[in-house]
Structures are given as structure tokens and as C-alpha cells.
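**Student:** Generate a structure from the sequence data that follows.
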Amino acid sequence: MKVVIVGGVAGGATAAARIRRLDEHAEIVVFERSGYISYANCGLPYYIGGIIEDPEELTLQTPESFFSRFRIRMKVHHEVTAIHPDRKTVSVKNLESGEIFEENYDKLLLSPGAKPTRPRLPGTDLEKVFTLRTVEDTFRIKEYINKHHPRSAVLAGGGFISLELAENLRELGMDVTIVQRPKQLMNPFDPDMAALIHNEVQKHGIHLALGYTVEGFREKEDGMDVLLKDAVPLHADMAVLAIGVTPDTQLAREAGLELGIRGSIVVNDRMETSAENIYAVGDAVQVRHSVTGQDTLISLAGPANRQGRIAADNICGGDSRYSGSQGSSILKIFDLTAASTGINETNARKAGIDADTVILSPMSHAGYYPGGRMMTMKVVFEKETWRLLGAQIIGYEGVDKRIDVLAAAIHAGISGTGLKDLDLAYAPPYSSAKDPVNMAGFMIDNISRGILKQFHLEDVDGLPRDGSVILLDARTPDEYAAGHVPGFVNIPVDELRDHLNNLDPHKPVYVMCQSGLRSYIACRMLAGNGYECYNFSGGFGFYDAVVNDQCMLQAASLCGKELET
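**Tutor:** Modelled structure (predicted):
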């Protein structure tokens, strides 16, 4: 059996190695148009920032190491220019010599990946405008910084690569501005959770121009102008387009393969395309979202690796199936860690799912053990069925293990109420006896039993201030004095029983505290005395962060024809 693989990195290189482990005698040829067959794509911004110092650390495997261990021919600087399914060959161009030839195959695997989205805007071909996707892109940016010592940069886009690059450029001492058309960074997060990310990047001196559209780039003697729609241009020494990626599927289109979302390759759960003996994996393929069941695009290394393994199994006569993508991801943002899995509340509602959430702010480990840090968790579930839909966590230590537990729970079909029953490891330096994941389960279970009734951030402004309801802040007087929601009166939770005679039992009570715990205790006191009570989800600390962020965005849109960098 002869297998030809188009493209390396996560999907193609993984498949090649797996095929060899399953079939010692298969002939395997990989064509890669770049000079690198397997590299740490996610580590590229950290090389630019100097955290990864040796460029060889970015290369996971070389053509020589692959051949030495697996006897796989890795042909770098070779571009496949056409696929001929009828005669089971591909046309290949040697980019170094210019030679063009055909290579036959028994099985063909496409792993072309995705390319940076480059809108047709004036100035994108300027020397000072970059993209970041490949090792070659990384070296170009690094060389430009070392040679020209730019003092400022504008990054167009607010996703993973943009934030990682922004942090690394900032650590180099550069003035950095992120421009993003949506009014939030990191679309996997809901706007309320994204507010915590905004706060962190701004705290470290990164400027945000959210809600603005880049319309082009203009060369200047002292740098360049980034042109914005309906706003004054931003001046900088360099710019990076990081507005997303587009499936690189021209080969598949010209070969007549069935295409899906944004021109992606349609595959079944065996990673087979519409053409016999042709498989496809990675960022170029359309997948099924394992939570919504809808077709989607997810450009992450984990799914690409799994797809490569599954395709290899099936190429070698097995019957492996891809169950879909869940979109689990994690990101370092200076001192902060932001992670998500499944779908957020916004996308759940777009998908027509009747969703609810719990928001909590637990400590990373036992409070009495030194060094604990608070995290903010938002867990999304379906009403009535209590099916887990997704989660977002932003904090410091311990975020990674909690998001992985929640990702596994979603994959395993554990309900939101079932989180309370998970037997998770505990020792004071690592967790609490009630792990944050268990605590989310307790809250969802209380909702399912009618013990906990909530109101959310979007409900606050609509609460009547005419005395028909009771708005109660259960924090200490000092906390209340430092900031509170207009209309809420202060009765500390420990004094609440002594004030029950002053509260009308016929009026519903809406209670808030700093994190949601004391207000829940207050609600149980009130419910035990016949009151109808609602607890604020997330607490005042969460409310304050989100409202301040909204004010910042509104101020930028009202006065922000002059955006300073």
C-alpha cells in the first residue's frame, strides 16, 4: 500500500507516524510546501517574545528524524498542485528546483491546514504588515524586530494568536494596540467573561480598540497608518493581521471534492471525503460540534491530532470514528489563565437551546493554605434536562485542571447536577474538600430542586426601584461603601435575622453579595421565613468588572474618534 499525505504538522505528521506503527511495509510519502514538517505552531509567539530562545525548539521532527525512525519520506518545499482522483495521482512541484512530476497513491490524505485570512485591503502587501501562521512567518517578524527595533504595533484581531503575540510584544517593551470588529476579545467566551480578559490586558498596558474595523494600511516615513472605518487612523511601526484563518482547500475544490462551511472539506466520521480513497483532517475540514450537533470549523491542534490518528486507522483497514469537536482551549494572558470548553451561553441561545448558567468565584485551593487565588467560573447547562453545554474559567492556578474535568464531564454525558458527585482529588495545596467543579454541581442541583433561584446581570437594570421589590446587599458596610448597585440597601448577612421585621414578607427579595455565597445564605434565611428570594449570579465583584468594561467600550465608541496608542 502506498499512502501520499499532503501537508504535515499536527494532522499529517500524526497520521504518517500512526500508519507506520500499524503497517511496517506501507510506502508513505509526505509533501509539505514549507520547510518544516512538524513544528510547535502554538509556540510561535513565544519565540518572538524570547521566552523560547532556540529556534530548533520549535521543530518537533525533521525530515531526517522522521526517516530515521519511521522510514517515511518527508519531502519539504514540495507543493502538491493538483489531485487526479480518476487516475489516483497528484501533481507535485519541487519549489527548490522547479521540477514538476506526478506521484501515484493507493490512499491519499489531505492535511493542508488553514491560511491566515487576508482581506482584500489596501496596503496588506507592505513590508511592515505581517501574518503569523508558519515558522517562516515567525522568523520574518523576529528578524524585522531585531533589525528595525519597532516601538509600536497594531494587531488586527482578538483571538488566540493575537493575544499571545500582544503579550510577547508588550514584554519586549513595545506599545501594543489590538483592533477587533466585535466588541470583545476571544469569541469562545461570553461578553461578561471576556470583560475579565479585557481588564487583564489593559492592566498590562495594551490598548483595546474594540468595535472598530481595519480598512487598510498606509506607508508613512516614520512608520505606518492603520486605517479604521469611521475613525482616525492608528499610527504604528508594524502591524499583524490576526483576524482568523480560512481553510486552505483550493486543491480539494479543483479536484471536485464536496465542500462545506467557508469552503472546508466535508468528511464523514471516518475522515473520508466524497472521493474514494481520499481522506482529510485538520483545520481544512468541516466537523460536527459534539455539543450542538451542528457543522462547524474548529482550528485546534488537539482535534487535528485525533483526526490524523483516526484517518490512519481507517487507511490501514480499521474502523475508527471521530465523535466530533468540543472546542476545549486554554490561553495564558500575562498572569491570567483563560479556558473554555463546549459552547458559551451566547452560542447556546443562537443554537435554539434554552440555556441557563451558574457563575461562581471559588479559590484555587483551601483558603487556609497560603497562596490561594480566586477564579471565576461560568458553567452553561440546558434548562429542565440539566445537560452540560459548556464552561468558561478565568483565573490563575488550577484553571487548567478544572476545565479539563468539565470537558471530560461534557464528553461523558454527565449532567450539571452530576458534577456534585465527582470524586476529585483533595489536599490543601491543590484544592478544597468541595472542589470548584463540585460547587458548580451543588449550585445546579439546588436550582433543579427549587432551593436556589437566580437573577443575572442582564436583569439588574430592569429591577423596579419603586419599592415593589426588596433590593438587598448582604455585604459588610465597608464593602458596600466602596461600591454598590444603585437601589440596593445594605443589611449584612450576619445581621439579617435581626432585621426581618423591617422587610415586607409579601415582596420578593433580590440579594447580592461580593461573590454569591453570602447572598445565597441570606436567601436561605429569607426562604426559611417565608420570603420569595433570588440570588445574584456572580456577585458584585463580577458585576463591577463587567459594568466597568461596558463603560469603557461605550466611552471608546462615543468619544473614540481619537483612539490613542
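
**Student:** and residue 487, how many neighbours?
**Tutor:** Neighbour count of residue 487, defined by other C-beta atoms under 10 Å: 15. Placement of C-beta: from N, CA and C, glycine included.

**Student:** residues touching it, list them.
**Tutor:** 463, 465, 471 (C-beta atoms under 8 Å, 6 or more residues apart in numbering).

**Student:** tell me the contacts of residue 123?
**Tutor:** Residue 123 neighbours (C-beta under 8 Å, 6+ apart): 129, 216, 217, 218, 219, 224, 227.

**Student:** TSV please, covering those and showing secondary structure, distance to residue 302 and pLDDT.
**Tutor:** TSV is the format used below for those (DSSP: H, G, I helix; E, B strand; the rest coil; distance: C-beta to C-beta, whole Å; pLDDT from 0 to 100):
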residue	secondary structure	distance to residue 302	pLDDT
129	strand	30	95
216	strand	36	95
217	strand	34	96
218	strand	40	95
219	strand	40	93
224	strand	36	94
227	strand	37	96
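
**Student:** just the buried members of the residues you listed?
**Tutor:** 129, 216, 217, 224, 227 (16 or more other C-beta atoms under 10 Å).

**Student:** burial count for the nearest residue in space to residue 301 that is not next to it in sequence?
**Tutor:** Nearest non-adjacent residue to residue 301, counting by C-beta to C-beta, 6 or more residues apart in numbering: residue 10, 4.8 Å away. Using other C-beta under 10 Å, residue 10 has 27 other residues around it.

**Student:** picking up where we left off before, so which of the contacts of residue 487 are in strands?
**Tutor:** Mapping those onto strands (DSSP state E) picks out residue 471.

**Student:** got the residue ranges for the strands in the stretch 1-150 of the chain?
**Tutor:** With strands called from DSSP state E, counting those that start in this stretch, the stretch 1-150 of the chain shows them at 2-6, 27-32, 38-39, 59-61, 73-76, 78-84, 89-94, 100-104, 107-110, 114-116, 129-131.

**Student:** What's opposite residue 210 in the beta bridge?
**Tutor:** residue 180 (DSSP bridges).

**Student:** Surely it is in contact with residue 183?
**Tutor:** Yes: counting by C-beta atoms under 8 Å, residue 210 touches residue 183, with 4.7 Å between them.

**Student:** For those two, list the residues in contact with both.
**Tutor:** residue 553.

**Student:** shaky segments in the stretch 51-200 of the chain?
**Tutor:** The stretch 51-200 of the chain contains residues with pLDDT under 70 at 59-60.

**Student:** How about the stretch 251-400 of the chain?
**Tutor:** For the stretch 251-400 of the chain, no range has pLDDT under 70.

**Student:** again, only using 90
**Tutor:** 299-301, 366-368 (pLDDT under 90).

**Student:** ok, which stretches of it are helices?
**Tutor:** Counting by DSSP state H, counting those that start in this stretch, the segments of the stretch 251-400 of the chain that form helices are 301-315, 345-350, 399-412.

**Student:** how far away is the residue lying closest to residue 251 once chain neighbours are set aside from residue 98?
**Tutor:** Excluding the flanking residues, the one nearest residue 251 by C-beta to C-beta, 6+ apart is residue 83, at 5.6 Å. For residue 83, the distance to residue 98 (C-beta to C-beta, to the nearest Å) stands at 21 Å.

**Student:** quick revisit: pretty sure the residue nearest to residue 251 contacts residue 90?
**Tutor:** Yes: taking C-beta under 8 Å as the definition, residue 83 is a contact partner of residue 90 at 5.3 Å.

**Student:** Which residues are in contact with each of these two?
**Tutor:** residue 108.

**Student:** quick one on the thing from earlier: now for the buried ones among the contacts of residue 123: which two are most distant?
**Tutor:** Greatest spacing in the buried ones among the contacts of residue 123, by C-beta to C-beta: 129 and 227 (11.8 Å).

**Student:** so what sits against both of these two?
**Tutor:** Common contacts of residue 129 and residue 227, defined by C-beta under 8 Å, 6+ apart, comprise 123, 217.

**Student:** that older thread, which one of residue 83 and residue 98 has more residues nearby?
**Tutor:** Per other C-beta under 10 Å, whichever of residue 83 and residue 98 has more neighbours is residue 83, with 23 against 7.

**Student:** so who does the more buried one touch?
**Tutor:** Counting by C-beta under 8 Å, 6+ apart, residue 83 makes contact with 90, 91, 108, 251, 252, 254, 255, 278.

**Student:** Just name the closest of the residues you listed to residue 524, please.
**Tutor:** residue 252 (58.8 Å).

**Student:** Surely residue 169 is within a helix?
**Tutor:** Yes: assigned with DSSP: H, G, I helix; E, B strand; the rest coil, residue 169 falls within a helix.

**Student:** any idea how far it is from residue 53?
**Tutor:** Residue 169 is 17 Å from residue 53, where distance means C-beta to C-beta.

**Student:** More neighbours: the two, which one.
**Tutor:** Between residue 169 and residue 53, counted using other C-beta under 10 Å, the more crowded position is residue 169 (24 against 8).

**Student:** wait, doesn't the more buried one sit right on residue 48?
**Tutor:** Yes: in this structure, residue 169 is within contact of residue 48 by C-beta under 8 Å, at 7.3 Å.

**Student:** from what I can see residue 94 touches residue 76, true?
**Tutor:** No: counting by C-beta under 8 Å, residue 76 is not a contact partner of residue 94; they are 10.2 Å apart.

**Student:** who's more crowded, those two?
**Tutor:** Between residue 94 and residue 76, counted using other C-beta under 10 Å, the more crowded position is residue 76 (17 against 14).

**Student:** where does that one sit relative to residue 65, distance-wise?
**Tutor:** 13 Å.

**Student:** now, of the strands of the stretch 1-150 of the chain, which is deepest in the fold?
**Tutor:** strand 107-110 (a mean of 28; mean count of other C-beta atoms under 10 Å).

**Student:** Residues contacting that strand, please?
**Tutor:** In contact with strand 107-110 (C-beta under 8 Å, 6+ apart) are residues 1-7, 12, 15, 83, 88, 90, 251-252, 265, 273, 277-281, 284, 311-312, 315.

**Student:** For PyMOL, what selects the buried ones among these?
**Tutor:** Per 16+ other C-beta under 10 Å, the buried members of the contacts of strand 107-110 correspond to this PyMOL selection:
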select buried, resi 3+4+5+6+7+12+15+83+88+90+251+252+265+273+278+279+280+281+284+311+312+315
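
**Student:** Quote the end-to-end distance of stretch 47-54.
**Tutor:** This stretch, stretch 47-54, spans 8 Å end to end (C-alpha to C-alpha, to the nearest Å).

**Student:** Ok, stretch 227-239 next?
**Tutor:** End residues of stretch 227-239 are separated by 11 Å (C-alpha to C-alpha).

**Student:** for it, which positions count as buried?
**Tutor:** Within stretch 227-239, the residues that qualify as buried are 227, 228, 231, 233, 234, 235, 236, 237, 238, 239, counting by 16+ other C-beta under 10 Å.

**Student:** Could you check how far the lengthiest helix in the chain is from the centre of its chain?
**Tutor:** When the chain is parsed with DSSP state H, its longest helix is helix 539-559. Mean C-alpha position of helix 539-559 versus that of the full chain (C-alpha atoms, centre = their mean, to the nearest Å) differs by 22 Å.

**Student:** same deal with stretch 148-157?
**Tutor:** 23 Å.

**Student:** Touching it from outside, list them.
**Tutor:** So stretch 148-157 is contacted by 144, 162, 165-166, 169, 173-180, 214, 223, 226, 234-244, 565 (C-beta under 8 Å, 6+ apart).

**Student:** Mind doing that once more with 7 Å?
**Tutor:** For stretch 148-157, contacts defined as C-beta atoms under 7 Å, 6 or more residues apart in numbering pick out 162, 165-166, 169, 174-180, 214, 226, 234, 236-244, 565.

**Student:** can you tell me which of the buried residues of stretch 227-239 are in strands?
**Tutor:** 227, 228, 231, 233, 234, 235, 236, 238, 239.

**Student:** Pull out the buried residues from stretch 498-506.
**Tutor:** residue 503.
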